[in-house]
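**Student:** have a look; sequence and predicted model below, questions after that.
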Amino acid sequence: MTDQEDALTRMIAVLKQPVDIGPDLTARVMAEVRQAPVPALDETATPERNWWRRRWTVRFGPLGALATAAGIAAIALASQRVGRRAGVESMERSATVARTPGPTQFVLVAKEAKAVSLVGDFNDWSLSATPLTRSDGNGVWWVTVPLVPGRYRFAYVVDGTVWRPDPEAPAAEDEFGRPNSVLTIGGS
Amino acid sequence: MRDTTPRVGFFGAGLCITLLLVMAALLLMGALPNTAEGQEPRLSTRIPVGARVQIDSILAAARAAGLPVEPLVDRALEGAAKGAPPALIVTAVARLGQELASARAAFGLTASAVEIAAGASALRAGATAKDLVQLRQLRAGQPLTVAAAVLADLVTAGVPADTAIAAVFALAGGADDADYLAFRRTVQQDIALGASPAAALGVRLQSLGSMADSPAATGQSSPRSNKRKP
């Protein structure tokens, strides 16, 4: 063994000996940390500004996380409902603004009918939205609908199943195999 | 001395993060369908979901292009009310969307929704986009809805498209909505009495021309009626 190897072996033996760091190491280190100067956030800033820029440590447990998430979900769901309601109201308002109503009477003679409804571009083609009223005994069915100038395609539905065009009105294009009539209302 | 600061343990932190992520995912899953633009609520109960998705995309495209959406919704609802197959409804809505786009291009960006819809009807009846451009020029500053609608009505009544277009153009200079409607009504009455559509239209046009040429008619347009009849 050379002198160098012998010196190295002795150094390693010394380094391998246990070091007693004492039971109060944590306390001593923390004391040093607390005594160290704290860097200013901003020398020119007011305390209020520093408050906004100060870093915060937030701790919460599982229950707190659950409560936070539930709160966020509730706010989001509430905003969606408000948004949907606002959308519907917006549509209704725009429809009201766009359509200054004027009465238009629809008449159909159907003596054997038990019920007649009017469907068309003005009522979402709803079979139940615009039922006609029967005049006494003569088989004349009628209804008055407020309409603004425009071109409307429509039809009558007799007894819920039979589609009939208006015999007095022009025929309109149809792509679905049931006849339509058309009503054009001028505005100028 | 031990640090007594309360800590969130490994499992506690993991649980918190997991809960937050799960809640965020649930929130997104619930929010996405509701916040998607272009969904038409009136279709939700009347159109099968597959067709509805396609129609919603057509509506969204129409909105983005600044086209009126109401005629498209009406067409879908009409198909649903008539019990049409969903694929046919989608095809009809898509076709109408193209016609609305052509009508808007012909009538210009200032055209109203009802003008565009009437223009689309005229295109469906057989008019061309060029015809609509000419109609707009002939009726500069005047509403186009009834003129385009009458054009569509005449063709649907059996008048050849080029004849109907010529008649609507002939009236375009000075006729108002009531004149157009009265003209269409008289032509259809003649057709109902047995005249051929082309002949009925020709006769009525001729009578309008002779009225316009007569000194007595100077300053007066064709007879008008305030009574609204289909």
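**Tutor:** Okay, I see it.

**Student:** which residues in chain B form helices?
**Tutor:** Shown for chain B, the helices assigned by DSSP state H span residues B:10-35, B:49-64, B:70-81, B:86-107, B:113-125, B:129-138, B:145-156, B:161-171, B:177-192, B:197-213.

**Student:** got it, and chain A?
**Tutor:** Under DSSP H, chain A gives helices at A:3-15, A:25-35, A:47-53, A:62-98.

**Student:** okay, now the unreliable bits of chain B?
**Tutor:** Within chain B, the segments meeting pLDDT under 70 span B:1-20, B:22-38, B:209-230.

**Student:** quick check: the residue of it nearest chain A.
**Tutor:** Distance from chain A to each residue of chain B (Cβ to the nearest Cβ) is smallest for residue B:177, at 2.6 Å. From N, CA and C alone the C-beta is placed, and that goes for glycine too.

**Student:** contact partners for that residue?
**Tutor:** Applying Cβ atoms under 8 Å, 6 or more residues apart in numbering or on different chains, we find residue B:177 in contact with A:149, A:186-188, B:143, B:145-146.

**Student:** possible to save the residues you listed as CSV with distance to residue A:130?
**Tutor:** Formatted as CSV, the contacts of residue B:177 follow (distance: Cβ to Cβ, whole Å):
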residue, distance to residue A:130
A:149, 19
A:186, 22
A:187, 22
A:188, 27
B:143, 27
B:145, 23
B:146, 24
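
**Student:** identify the residues contacting the residue most central in space within chain B.
**Tutor:** For chain B, the residue sitting closest to the mean C-alpha position, by Cα atoms, centre = their mean, is residue B:117 at 3.4 Å. Residue B:117 is in contact with A:150-151, B:68, B:70-71, B:100, B:103, counting by Cβ under 8 Å, 6+ apart.

**Student:** where are the low-confidence patches of chain A?
**Tutor:** A:1, A:39-50, A:76-101, A:188.

**Student:** change it to 90
**Tutor:** A:1-103, A:112, A:135-139, A:148-150, A:167-174, A:184-188 (pLDDT under 90).

**Student:** could you identify the buried members of the contacts of residue B:177?
**Tutor:** A:149, A:186, B:143, B:145-146 (16 or more other Cβ atoms under 10 Å in any protein chain shown).

**Student:** list just the nearest of these to residue B:59.
**Tutor:** Residue B:59 lies nearest to residue B:145 out of the buried ones among the contacts of residue B:177, by Cβ to Cβ, at 22.2 Å.

**Student:** measure that closest one to residue B:42 for me?
**Tutor:** 24 Å (Cβ to Cβ, to the nearest Å).

**Student:** got it, and residue A:183?
**Tutor:** For residue A:183, the distance to residue B:42 (Cβ to Cβ) stands at 21 Å.

**Student:** okay, those two: which has more neighbours?
**Tutor:** Shown here are residue A:183 and residue B:42; by other Cβ atoms under 10 Å in any protein chain shown, residue A:183 has more neighbours (25 against 16).

**Student:** dump the residue contacts of that one.
**Tutor:** Contacts of residue A:183 by Cβ under 8 Å, 6+ apart are A:104, A:120, A:147, A:151-152, A:154, A:166, A:169, B:230.

**Student:** try it again at 10 Å.
**Tutor:** For residue A:183, the contact set (Cβ atoms under 10 Å, 6 or more residues apart in numbering or on different chains) comprises A:104, A:106, A:120-122, A:145, A:147, A:150-154, A:166, A:169-170, A:172, B:149, B:153, B:228-230.

**Student:** if it is in a bridge, with which residues?
**Tutor:** Beta-bridge pairing of residue A:183 under DSSP bridges involves residue A:152.

**Student:** also residue A:140?
**Tutor:** Counting by DSSP bridges, residue A:140 is bridged to residue A:109.

**Student:** thinking again about what came up before, narrow the contacts of residue A:183 to those in strands?
**Tutor:** Of the contacts of residue A:183, the ones assigned to strands by DSSP state E are A:104, A:106, A:120, A:145, A:147, A:150-154, A:172.

**Student:** does any bit of stretch B:40-50 sit next to chain A?
**Tutor:** Yes. Counting by Cβ under 10 Å from any Cβ of the partner chain, chain A has neighbours in stretch B:40-50: B:40-43, B:46.
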